[in-house]
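S.K.: Just to be clear, the model below is a prediction. Sequence and coordinates:
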Amino acid sequence: MKPFVDGLFSIEGKVAVVTGGSQGIGRMIATGLVDAGARVYISSRKADVCEEVASELSERGTCVAFPLDLSTAEGAQVLAEQVSEREDRVDILVHNAGAIWEAGLDEYPMSAFDKLWAINVKSVFLLTQFLLPRLRASATVEDPARIINIGSIDGLRVPLQETYAYSASKAAEHMLSQHLAVRLGGENITVNVICPGLFVTRMTQPILGSEDGRLEMIRHSPVKRVGIPDDVAGAVIFLASRAGAYVNGAILTLDGGMGLMPG
């Protein structure tokens, strides 16, 4: 059975693009893909950080940095061009780049909606468009090309924090993903969403940065812990491997069941 299981979950030799891949959940995903034998291209705005992470991951496998601002159409197009210069196909496209904005209702700026719409929703659509030729080159009935969008549980239910533009943009990303899943499924390109709960990242630092905050969050979790890198990397590898070939349009909640808890 072991060779069968290994083959079922193998992504060895696949080409993956991970946006926002230099920190947080994106770095967890990129690390997991590199360790699983994929050739990984990561992108993020901060060139020094992006290149440093790619250098570190290159000691474990293949990882290339393309530092770009994907909140602009130009950035998304350049990333697609740079990847296309090196690869004739893209097997796995992970849209992870994103931003959050928290402020009280009376002070919440309209600029937050513009910024978060651009990176959390628009960049997902644009980069998908620009990389479609390479995704189509990979797609087969037996092994579809995969688009995996990193959404949020805050796009599934109203969060406690006042993150109006963030939760609204993530809900939009979820619907966009399902729309693309219907449109692209017939071309052997699947589109799925992973909605992480609490993982230790820069974004969750205000919540998990203190021991009291961490313990309070754990108290609301059925599994009594926060997410670890293997949790999200494992979910991505499942969706990207032959084991996940028939999954399309799914929204996978990855929060240990926290969203099910009352109050």
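M.R.: Right, received. Where do you want to start? Note that the structure is a prediction, hence the values are computed from the model and not measured.
S.K.: What's the per-residue pLDDT of residue 126 here?
M.R.: Per-residue confidence (pLDDT) for residue 126: 98.
S.K.: Would you check that residue 174 makes contact with residue 251?
M.R.: Yes. Look at residue 174 against residue 251 with CB atoms under 8 Å: they come within range, at 5.8 Å. Yep, even glycine has a C-beta here, placed from its N, CA and C like the rest.
S.K.: which neighbours do these two share?
M.R.: Contact criterion CB atoms under 8 Å, 6 or more residues apart in numbering; residues bridging residue 174 and residue 251 by contacting each: 151, 156, 193, 195.
S.K.: so which pair among those residues is furthest apart in space?
M.R.: 156 and 193 (9.8 Å; CB to CB).
S.K.: so what's in contact with the two at the same time?
M.R.: Counting by CB under 8 Å, 6+ apart, the shared contacts of residue 156 and residue 193 are 174, 251.
S.K.: So which of those two has more stuff around it?
M.R.: Neighbour totals were compared for residue 156 and residue 193, and residue 193 leads with 27 against 18 (other CB atoms under 10 Å).
S.K.: check which helix or strand covers the more buried one.
M.R.: strand 189-196 (DSSP states H and E).
S.K.: Quick check: phi and psi at residue 62.
M.R.: phi -120, psi 120 (degrees, to the nearest 10).
S.K.: try residue 46
M.R.: Torsion angles, degrees, to the nearest 10, at residue 46: phi -80, psi 110.
S.K.: residues in contact with it?
M.R.: 22, 67.
S.K.: Then residue 240?
M.R.: Taking CB under 8 Å, 6+ apart as the definition, contacts of residue 240 comprise 11, 14, 16, 33, 38, 91-92, 146, 148.
S.K.: okay if I get those residues as CSV plus neighbour count and secondary structure?
M.R.: Putting those into CSV (neighbours: other CB atoms under 10 Å; DSSP: H, G, I helix; E, B strand; the rest coil) gives the following:
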residue, neighbour count, secondary structure
11, 22, coil
14, 22, coil
16, 28, strand
33, 29, helix
38, 25, coil
91, 23, coil
92, 26, strand
146, 28, strand
148, 24, strand
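S.K.: ok, so of these, who is nearest residue 57?
M.R.: Distances from residue 57 to these, taken by CB to CB, are shortest for residue 33, at 9.2 Å.
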